[in-house]
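A.B. asks: A predicted structure for the sequence below; I have some questions about it.
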Amino acid sequence: MRAVVVESFGGPEVLKAAEAADPTPGAGELLVRVAAAGVNYIDTYHRTGAYSMPTPFVPGLEGAGEVVAVGDGVSRFKVGDRVAWAAAIGSYAELTRVPEAGAVAVPDGVGLDVAAGAMLQGMTAHYLTRSTYPVQAGDTVLVHAAAGGMGLLLTQQVKALGGRVIGTVSTAEKEKLAREAGADEIIRYTETEIAPEVRRLTDGQGVAVVYDGVGKDTFDASLESLRIRGTLALYGAASGPVPPFDLQRLNAAGSLFVTRPTLGHHVLTREELDWRSGEVFAGIKSGKLTIRISGRYPLADAAKSHEDLQARRTTGKLLLIP
């Protein structure tokens, strides 16, 4: 098969498409012909070694495709089933092994490319808005990078729950996309200081929650944008990790909450995985949730996909198409 292989950690240039041995499914595993693999920020952490991996390895955690073989003990899926997943390393390939426990069925009416683009970010947006801070009707929420793949999904999810969205973007094009997704107010952070504008838009109160996947560059503004007893949900660090800070700041700013959640802790059981993925797919089928796919790359252009993602040249979801 063809696969993207990382021989050593480094920049996007270490992502090389090459011939690799076909994998075989072990006990409790599916062998899947990959129709599309999602490109996510966590893949860049694996590539650089920020999240250590034994080399060589095939990157990519998310994807969708058709089952072509099953290992011993598999009972939930069979050959020919369409499945999607959010946590199976090795997804940047024509074939990959997926644990049965982490696979979900893709319903009729949802394309495999859309399913691949919906799993990691869709379920992340679901747990952030239902569990990390359950959005209530009337809540005002700040969404950073509102035109990115996560930002567009968070905006749609918050609006579906009756919330008001203030989104941050960098350009007029991105503002248009965020507003189309439902954002009520937009702050162009290249032109306007975020926290004072949030205060102005909330009559000085601040927002109930900030959904922040940017990290270092936005952390201070996020804290300064919160209402008393507000929550900062730091779900990523696209600009780098947040440096250590004095917890007393949370007291002085209004008894604030800060959390650093991750998807794996929110799909620990089959019931929770099916609940989150099921609601995401139901939203797609009903037309209430749109997965914007803004880039499709062949395996040979995996490096370009990472360059585009990290340069913030993209809006919506990026996919590799084997």
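C.D. replies: That came through, no problem. Residues are numbered from 1 along each chain as shown.

A.B. asks: Report the contact partners of Asn40.
C.D. replies: 61-62, 120-121 (Cβ atoms under 8 Å, 6 or more residues apart in numbering). Every residue, glycine included, has its C-beta placed from N, CA and C.

A.B. asks: What is the subsequent helix or strand relative to the strand or helix carrying Tyr211?
C.D. replies: Assessed by DSSP states H and E, Tyr211 sits inside strand 207-212. Downstream of strand 207-212, the first helix or strand assigned by DSSP H and E is helix 219-224.

A.B. asks: May I ask you to name the longest strand in this structure?
C.D. replies: Longest strand in the chain, counting residues (DSSP state E): strand 29-39.

A.B. asks: burial of Lys216, as a residue count?
C.D. replies: Lys216 is flanked by 13 other residues according to other Cβ atoms under 10 Å.

A.B. asks: if I look at the residue lying closest to it once chain neighbours are set aside, how far off is Leu226?
C.D. replies: Leaving out its chain neighbours, the residue that sits closest to Lys216 by Cβ to Cβ, 6 or more residues apart in numbering is Gly240, at 4.1 Å. Distance from Gly240 to Leu226, counting by Cβ to Cβ, to the nearest Å: 21 Å.

A.B. asks: before we move on, the earlier item: just the C-alphas of the longest strand of the chain, formatted as PDB.
C.D. replies: Backbone C-alpha positions of strand 29-39 (Å, rounded to 0.1, in the frame of the first residue of the first chain) are rendered in PDB as follows:
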ATOM      1  CA  GLU A  29      -9.300  -4.800  15.100                       C
ATOM      2  CA  LEU A  30     -10.800  -3.900  11.700                       C
ATOM      3  CA  LEU A  31      -8.700  -3.500   8.500                       C
ATOM      4  CA  VAL A  32     -10.200  -0.500   6.600                       C
ATOM      5  CA  ARG A  33      -9.600   0.800   3.100                       C
ATOM      6  CA  VAL A  34      -9.300   4.500   3.900                       C
ATOM      7  CA  ALA A  35     -11.500   6.800   1.800                       C
ATOM      8  CA  ALA A  36     -10.400  10.000   3.600                       C
ATOM      9  CA  ALA A  37      -8.200  10.900   6.600                       C
ATOM     10  CA  GLY A  38      -8.600  14.000   8.600                       C
ATOM     11  CA  VAL A  39      -5.700  16.400   9.100                       C
END
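
A.B. asks: From the chain's centroid, how far away is it?
C.D. replies: For strand 29-39, the separation from the chain centroid amounts to 17 Å (computed by Cα atoms, centre = their mean, to the nearest Å).

A.B. asks: cool, stretch 114-125 as well?
C.D. replies: On Cα atoms, centre = their mean, the centre of stretch 114-125 falls 7 Å from that of its chain.

A.B. asks: Which residue ranges of the stretch 51-200 of the chain form helices?
C.D. replies: Along the stretch 51-200 of the chain, the stretches classed as helices by DSSP state H, counting those that start in this stretch are 112-127, 149-160, 172-180, 194-201.

A.B. asks: could I get those as CSV with mean pLDDT?
C.D. replies: CSV is the format used below for those (pLDDT from 0 to 100):
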stretch, mean pLDDT
helix 112-127, 97
helix 149-160, 96
helix 172-180, 96
helix 194-201, 98
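
A.B. asks: export these to TSV and tack on mean neighbour count and distance to Pro244?
C.D. replies: Shown next, in TSV, are these (neighbours: other Cβ atoms under 10 Å; distance: least, Cβ to Cβ, whole Å):
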stretch	mean neighbour count	distance to Pro244
helix 112-127	26	25
helix 149-160	26	25
helix 172-180	17	31
helix 194-201	18	21
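
A.B. asks: Which among those is found nearest to Thr262?
C.D. replies: With Cβ to Cβ as the criterion, Thr262 lies closest to helix 112-127 of those, at 8.6 Å.

A.B. asks: Check which helices and strands the closest one is in contact with.
C.D. replies: strand 29-39, strand 62-70, strand 82-85, helix 149-160, helix 270-286, strand 293-297, strand 317-320 (3 or more Cβ pairs under 8 Å, 6 or more residues apart in numbering; DSSP states H and E).

A.B. asks: which residues of this protein score low on pLDDT?
C.D. replies: Scanning the chain for pLDDT under 70 picks out no residues.

A.B. asks: That one - how does it break down into domains?
C.D. replies: Listed by automatic domain parsing, the domain ranges of the chain are 2-119+292-320, 137-260.

A.B. asks: starting at the chain centroid, how far to the first one?
C.D. replies: Translated: domain 2-119+292-320. Here the centre of domain 2-119+292-320 is set off from its chain's centre by 14 Å, with Cα atoms, centre = their mean.
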